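**Student:** Okay, sequence plus prediction incoming.
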Amino acid sequence: ETGVTQTPRHLVMGMTNKKSLKCEQHLGHNAMYWYKQSAKKPLELMFVYSLEERVENNSVPSRFSPECPNSSHLFLHLHTLQPEDSALYLCASSHDLSITSNADTQYFGPGTRLTVL
Amino acid sequence: AQSVAQPEDQVNVAEGNPLTVKCTYSVSGNPYLFWYVQYPNRGLQFLLKYITGDNLVKGSYGFEAEFNKSQTSFHLKKPSALVSDSALYFCAVRDWGLTGGGNKLTFGTGTQLKVEL
């Protein structure tokens, strides 16, 4: 295991539902990330947090709302999603955002498989 | 801008034979290059990375990759494939001259490796 956990592992929701994805890292890292993985497409970086502050928002629709209450936890709040939002949502963490050696390897959780009906 | 290309959607190899998974990149400055592997229903696992120095990088599970600056390539290799190596492999790049927020990795679309008996 990588030290990054995600819950739930699978989620089915209707377009009017509100749900949240949770990520927790046990690595003592300061940076956390949300990615979207769709079939046959490259991983899409959604959000980056460093020391609980958002430093990157990659033109993500407002129906996705991240929250980082502390450096170990990251949430992705979902509301009024569309069927095309169905994908695997991956959380990752890294030591920090510096580019020095060994500091920028990202460690991924197992993902949440989201299906929007 | 930075980009990665993995020209093969799938690579098939017999167990015991050498394997190569191809990756080419494009950056404006010097690259950081990564390989990750994803097993079914799992998140991405870090295999190896190139920062600077020796062009041949050794990683986990007997994998290695060769950085070739003139060909802008970072192909993943293993001398003798195992059935258990069957998985989805992702190449990623970060331009270490990139400024701005976020440890922004750009991933390829992935190559499915299938090792058969």
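**Tutor:** Received it, and whenever you're ready, just let me know what you need. Residues are numbered from 1 along each chain as shown, chains lettered A, B, ... in the order given.
**Student:** what mean pLDDT does stretch B:28-38 have?
**Tutor:** Taken as a whole, stretch B:28-38 has a mean pLDDT of 90.
**Student:** Can you verify my assumption that A:L114 contacts A:E84?
**Tutor:** No. When contacts are counted by CB atoms under 8 Å, A:L114 is not listed as touching A:E84 (11.3 Å). No exception for glycine: its C-beta is placed from N, CA and C like everyone else's.
**Student:** Between the two, which is the more surrounded one?
**Tutor:** A:L114 (21 against 8; other CB atoms under 10 Å in any protein chain shown).
**Student:** which SS state does the closest residue to B:Q10 other than its chain neighbours fall under?
**Tutor:** Sequence neighbours aside, B:Q112 is the residue nearest to B:Q10 in space, at 4.5 Å (criterion: CB to CB, 6 or more residues apart in numbering or on different chains). At B:Q112 the chain is in strand, as set by DSSP: H, G, I helix; E, B strand; the rest coil.
**Student:** so B:P31 bridges to which residues?
**Tutor:** B:D95 (DSSP bridges).
**Student:** So the residue nearest to B:Q10 versus chain A, what's the distance?
**Tutor:** From B:Q112 across to chain A, the span is 11 Å (CB to the nearest CB, to the nearest Å).
**Student:** tell me, how many neighbours does B:S3 end up with?
**Tutor:** Neighbours around B:S3, by other CB under 10 Å: 13.
**Student:** Need phi/psi at it.
**Tutor:** The phi/psi pair for B:S3 (degrees, to the nearest 10) reads phi -150, psi 160.
**Student:** With adjacent residues omitted, what lies nearest to B:Y25?
**Tutor:** B:V93 (4.5 Å).
**Student:** So for B:Q6, what's the nearest residue that isn't a sequence neighbour?
**Tutor:** B:Q6 sits nearest to B:G108 (CB to CB, 6+ apart), 3.8 Å away.
**Student:** pretty sure that neighbour is touching B:C23, no?
**Tutor:** Yes. The criterion here is CB under 8 Å, and B:G108 meets it with B:C23 at 6.3 Å.
**Student:** Residue numbers of chain B in contact with chain A?
**Tutor:** For chain B, the residues in contact with chain A (CB under 8 Å from any CB of the partner chain) are B:4, B:32, B:34, B:36, B:41-46, B:49, B:51-52, B:90, B:94, B:96, B:101-110.
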